[in-house]
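Peer 1: Provided below are the primary sequence and the corresponding predicted coordinates.
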Amino acid sequence: MMQDWLPETIAFYRTAAVHSDYYRVLAERVSAYLPPNAHVCDAGCGLGELSLALLPFCGRVTAIDRAAAPIEDLRRRAAGLSRMEILQGDIFENRPPKPYDAMVFCLFGNMEETLQIAAEQCAGRVILIKRASTVHRFGAGGSKLEHFTPEAAEERLHRLRIPCQAERFALELGQPFRSLEEADQFFRLYNRGRDIPPEEVRGRLQVSALPGFPYYLPNRKELGLIVFSAPDIRRAKARGGGEA
């Protein structure tokens with residue numbers, strides 16, 4: 001993931017989202033686990049694409065992220081949406097007046113952070129979306145992600161004796177490009193300024209049928225969706241963590 005929210009980074013993410021049904025389909029899957037008219041928190045929402053896609057399925061959505069740039073972008077795009085609350089700040093310090101009916105953690109940090117936040121801020125269901133891959137998709141060499149997989153999350157819940165539901169699926173969220181130069185820029189951003197050999201970039205691209213975007217970088221995301229109950233987290237804590 002590109003960590004620095006530069007204007008170019010935001011532009012690439014927005015272009016990918018606009019030309020894909022990824023967030024719509026993901027929101028539909030999440031909605032199956034939401035109670036009617038729920039107040040849902042999208043924790044670590046980034047640009048808020050999932051927050052916006054969830055809105056038709058919820059009574060209210062709170063989108064929160066610590067990074068200022070994506071939150072400001074979301075505020076511009078969500079202007080006038082009365083059922084959406086947008087917060088810029090540290091989710092660990094967030095204190096909702098009333099616990100959320102459900103919380104969504106999409107590609108959020110590690111399980112200990114998630115469990116702590118959900119135990120303090122959620123009254124009902126906790127929905128995790130985890131990337132099944134153990135390496136960054138567009139990295140050169142790539143950093144390892146073993147501790148963030150669905151399997152790792154399920155193992156942690158099992159050790160805590162917290163019941164959960166889980167499903168696996170794949171969705172496409174590729175990156176369209178207007179030119180080869182734009183593709184080169186994308187890879188430099190993703191790899192924090194490192195120059196990637198042009199032949200490596202070209203080898204990953206496909207011909208695109210999208211008007212104005214002749215090149216396409218495929219990105220089929222293998223995902224896991226895991227659902228459990230915030231009250232079960234608190235019960236696990238009360239019995240001392242439930243460690244094996």
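Peer 2: Good, I have the coordinates.

Peer 1: What's opposite the residue nearest to the spatial centre of the chain in the beta bridge?
Peer 2: The geometric centre of the chain, computed from its C-alpha atoms, lies nearest to Cys106 (C-alpha atoms, centre = their mean), at 3.2 Å. Here Cys106 shows beta-bridge partners Ile129, assigned using DSSP bridges.

Peer 1: Is it in contact with Leu50, as I believe?
Peer 2: Yes - Cys106 is within contact range of Leu50, at 5.5 Å (criterion: C-beta atoms under 8 Å). For the C-beta atoms, the positions are set from N, CA and C on the backbone; glycine is no exception.

Peer 1: Between those two, which contacts overlap?
Peer 2: Common neighbours of Cys106 and Leu50, using C-beta atoms under 8 Å, 6 or more residues apart in numbering, are Leu26, Asp42.

Peer 1: For the residue lying closest to Gly59 once chain neighbours are set aside, grab the count of nearby residues.
Peer 2: Of all residues not flanking Gly59 in the chain, Asn37 sits nearest, at 3.7 Å (C-beta to C-beta, 6 or more residues apart in numbering). Counted with other C-beta atoms under 10 Å, the neighbours of Asn37 add up to 10.

Peer 1: My guess is Asn37 contacts Cys58. True?
Peer 2: Yes - using C-beta under 8 Å, Asn37 makes contact with Cys58 at a distance of 7.4 Å.

Peer 1: What strands line up against the host helix or strand of Lys221, and which way round?
Peer 2: Taking DSSP states H and E as the definition, one finds Lys221 inside strand 220-229. Strand 220-229 sits in its sheet next to strand 122-131 (antiparallel), strand 165-172 (antiparallel), going by DSSP bridges.

Peer 1: So which bits of that strand are buried?
Peer 2: Lys221, Leu223, Gly224, Leu225, Ile226, Val227, Phe228, Ser229 (16 or more other C-beta atoms under 10 Å).

Peer 1: is the third one in a bridge, and if so with what?
Peer 2: It stands for Gly224. So, taking DSSP bridges as the rule, Gly224 has Lys130, Arg168 as bridge partners.

Peer 1: Tell me, what's the model's pLDDT at it?
Peer 2: For Gly224, the pLDDT comes out at 97.

Peer 1: Surely it is in contact with Glu167?
Peer 2: Yes - look at Gly224 against Glu167 with C-beta under 8 Å: they come within range, at 7.3 Å.

Peer 1: Give me the angle between the host helix or strand of Arg234 and strand 122-131.
Peer 2: Using DSSP H and E, Arg234 sits in helix 230-238. Inter-element angle recorded for helix 230-238 and strand 122-131: 90 degrees (by axes from the mean of the first three to the mean of the last three C-alpha atoms, to 10 degrees).

Peer 1: Need the mean per-residue confidence for helix 230-238.
Peer 2: 96.

Peer 1: how much distance is there from that helix to the middle of the chain?
Peer 2: Offset of helix 230-238 from its chain centre (C-alpha atoms, centre = their mean, to the nearest Å): 24 Å.

Peer 1: For it, list every residue counted as buried.
Peer 2: Ala230, Asp232, Ile233, Ala236.

Peer 1: same question, stretch 169-178
Peer 2: Quick answer for stretch 169-178 (16+ other C-beta under 10 Å): Leu171, Leu173, Gly174, Gln175, Pro176, Phe177.

Peer 1: Make a markdown table out of those and add secondary structure and distance to Arg29.
Peer 2: Listed next are the buried residues of stretch 169-178 as a markdown table, based on DSSP: H, G, I helix; E, B strand; the rest coil; distance: C-beta to C-beta, whole Å:
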| residue | secondary structure | distance to Arg29 |
| --- | --- | --- |
| Leu171 | strand | 9 |
| Leu173 | coil | 14 |
| Gly174 | coil | 19 |
| Gln175 | strand | 22 |
| Pro176 | strand | 24 |
| Phe177 | strand | 28 |
